[in-house]
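S.K.: quick one, what's the 3D model for this:
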Amino acid sequence: MGSYPTYGNGTGTRKVSSVTANDGIDPLVSQGSLSISRDGRFLFAVNAGSNSISSFIITDSGGLVLADVKPSEGAQPNSVSEFGNLLYVSNVGNAGNNFASNITGFHIENNGRLTYIPGSSHSLSTINAQPAQVLFTPDGSKIVVSEFTTDRLSVFRVNKNGTVTGPIINDSNGTRPLGSYFLSSGILLVTEVASSALSSYSMSDNGILDVISGSVPNGQKTACWVTTTRNERFAYTSNTLSGTISTFRIEDNGKLTVLGHITSTPVGTPTGIPIDSGVSKDGRNLYTLNGNQGTVSVFKIKDDGSLVSLQVATSTHYPYFGSQGLAVL
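M.R.: Coordinates of the predicted model:
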């Protein structure tokens, strides 16, 4: 449909840190590098190579109009999350500042412009903990940051002026937590790369997480991203090194059961390595970005949560390596 400059620099094939292999498949090691506001008016993108955030207005036709570009108030931003008129970004840091990481807040104006909130920058559980995702709770009262290098889930309280206090430090049930997703009930899902597993948690008012299903393995390699069906009965993890997507059943109480998996690209075609994923508004389709190809795989979601491959979409606009981020209008 179109290609829109962010007026910032991406990473290309370079990783934002040395924690994982520099193979060009997953440059940011994060979920949420591209994010749509809950009202569908704005799209936000991180520019890790230029330490900035771009804000776009989404037109009725699905086109984009650049609204603003602002410094991320840190080095190498890799994830953004929005609630109401608040936007928070996670910054990985870099070697020059000993990988000092943080989260930082901005007010979103009605025209999509961003205004830095003084005093909103906050360190994670340690000064050099590498964030994998920043994520608001469904009611906007807290923010959860999955910390890839410390195996922690840090919870921050959101204050009335948009700043945060914390963190309340929770240990991840498994190692290398990366992607996270909140159900409307407040149950939190988190992927664990090392064991290729998915965990579910409940959160108390004081920010303490309690495990519901701990580290449910999917039998694949490196479960990194997670999203759910619109009815929240099923969850999908992108298993990067296996080239597959796993389906989990979600019970009302948050208990997880793995159901099976499907290859991201059809058997007999070039293997796609799935990273970011999303579900259509009508709940009928799942989309996943193949980081080694710059292609998007399209699946039909059946009533039992299983997936049927429909298409592998390609475009000369997308780089073969270095692509990152997917959001579904």
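
S.K.: contacts only, for Phe148.
M.R.: Phe148 makes contact with 19, 29, 130-132, 176-178, 193, according to C-beta atoms under 8 Å, 6 or more residues apart in numbering. Where C-beta positions appear, they are placed from N, C-alpha and C, glycine not excepted.

S.K.: then Val298?
M.R.: 285-287, 309-313.

S.K.: narrow the contacts of Phe148 to just the buried residues.
M.R.: For these, a burial check counting by 16 or more other C-beta atoms under 10 Å picks out 29, 130-132, 176-178, 193.

S.K.: for the closest residue to Val226 other than its chain neighbours, give its distance to Val190.
M.R.: Leaving aside its sequence neighbours, Val226 sits nearest to Gly179 (C-beta to C-beta, 6 or more residues apart in numbering; 4.5 Å). Shown here: Gly179 relative to Val190, a distance of 7 Å by C-beta to C-beta, to the nearest Å.

S.K.: now swap in Ile103 and tell me
M.R.: Distance, Ile103 to Val190, by C-beta to C-beta: 17 Å.

S.K.: then Lys221?
M.R.: Lys221 is 17 Å from Val190, by C-beta to C-beta.

S.K.: re the thing from before, which residues are common contacts for Gly179 and Val190?
M.R.: Taking C-beta under 8 Å, 6+ apart as the criterion, Gly179 and Val190 both touch 146, 226.

S.K.: one step back: nearest to Ser121 among the contacts of Phe148?
M.R.: Pro131 (12.8 Å; C-beta to C-beta).

S.K.: pLDDT score assigned to the residue nearest to that closest one when sequence neighbours are not counted?
M.R.: Leaving aside its sequence neighbours, Pro131 sits nearest to Ser90 (C-beta to C-beta, 6+ apart; 3.7 Å). Looking at Ser90, its pLDDT is 98.

S.K.: burial count for Ser90?
M.R.: When neighbours are counted by other C-beta atoms under 10 Å, Ser90 registers 31.

S.K.: give me the distance between it and Phe248.
M.R.: Going from Ser90 to Phe248 by C-beta to C-beta gives 25 Å.

S.K.: again with Gly40
M.R.: Noted for Gly40: a distance of 27 Å to Phe248, by C-beta to C-beta.

S.K.: which one's more surrounded, these two?
M.R.: Neighbour totals were compared for Gly40 and Phe248, and Phe248 leads with 25 against 10 (other C-beta under 10 Å).

S.K.: shouldn't that one be in contact with Leu198?
M.R.: Yes - assessed by C-beta atoms under 8 Å, Phe248 is found in contact with Leu198 at 5.8 Å.

S.K.: intersection of neighbour lists for the two?
M.R.: Common neighbours of Phe248 and Leu198 (C-beta under 8 Å, 6+ apart) are 216, 218, 235, 237, 256, 258.
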